[in-house]
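Q: model this:
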Amino acid sequence: MATKKRNSDGGLDLIDKEKEKQELEPPSKYNVVFYNDDYTPMDFVVFALTDIFNHQTSAAMKIMMDVHEKGKAIAGGPYTKEIAEMKITKVMDFATSCGHPLMAVAKKE
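A: Below is the predicted model:
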């Protein structure tokens, strides 16, 4: 059901009462996940984690070992979808330019 309301120009705006009742939900958050492969050097993964995700070296080493031993690990997050995609693009472009098949994906939290 729509009602009429005067706007600042003196005209009338239609306002949908249902829309007024809807509450905005916060945007979904995403983690960037690295997957293990048999070719990407461990020191490259640590460098990517420190350079792109701003981890301290000790934290990057732990994440790299989780990737190596468990097959995957959260490299960073939670981020908005756009920031997670930007980080993935940086990682994938960097890895590709260095000839490494490192895979990174965004996973919804």
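Q: the residue nearest the centre of the chain and Met65, how far apart?
A: Nearest to the mean C-alpha position of the chain, by C-alpha atoms, centre = their mean, lies Ala84 at 2.0 Å. Going from Ala84 to Met65 by C-beta to C-beta, to the nearest Å gives 23 Å. Glycine gets a C-beta too; all of them are placed from N, C-alpha and C.
Q: surely the residue nearest to the centre of the chain is within a strand?
A: No. Read with DSSP: H, G, I helix; E, B strand; the rest coil, Ala84 is helix and lies in no strand.
Q: hmm, it is touching Ser28, no?
A: No. Ala84 lies out of contact with Ser28 (C-beta atoms under 8 Å); the separation is 9.9 Å.
Q: mind exporting the longest strand seen in the chain as PDB, just the C-alpha atoms?
A: Identified as the longest strand of the chain according to DSSP state E is strand 72-79. Taking Å, rounded to 0.1, in the frame of the first residue of the first chain, the C-alpha atoms of strand 72-79 are listed here in PDB:
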ATOM      1  CA  LYS A  72      43.500 -25.500   2.700                       C
ATOM      2  CA  ALA A  73      43.400 -22.600   5.200                       C
ATOM      3  CA  ILE A  74      41.900 -19.200   5.500                       C
ATOM      4  CA  ALA A  75      44.400 -16.600   4.200                       C
ATOM      5  CA  GLY A  76      42.400 -13.600   5.200                       C
ATOM      6  CA  GLY A  77      39.100 -12.200   6.200                       C
ATOM      7  CA  PRO A  78      36.400 -11.700   6.800                       C
ATOM      8  CA  TYR A  79      36.000  -9.100   4.000                       C
END
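Q: check which helices and strands that strand is in contact with.
A: When contacts are defined as 3 or more C-beta pairs under 8 Å, 6 or more residues apart in numbering; DSSP states H and E, strand 72-79 packs onto strand 30-35, helix 42-51, helix 57-70, helix 81-97.
Q: of all those, which lies closest to Gln22?
A: Proximity to Gln22 (C-beta to C-beta) singles out helix 81-97 among the helices and strands packed on strand 72-79, at 20.9 Å.
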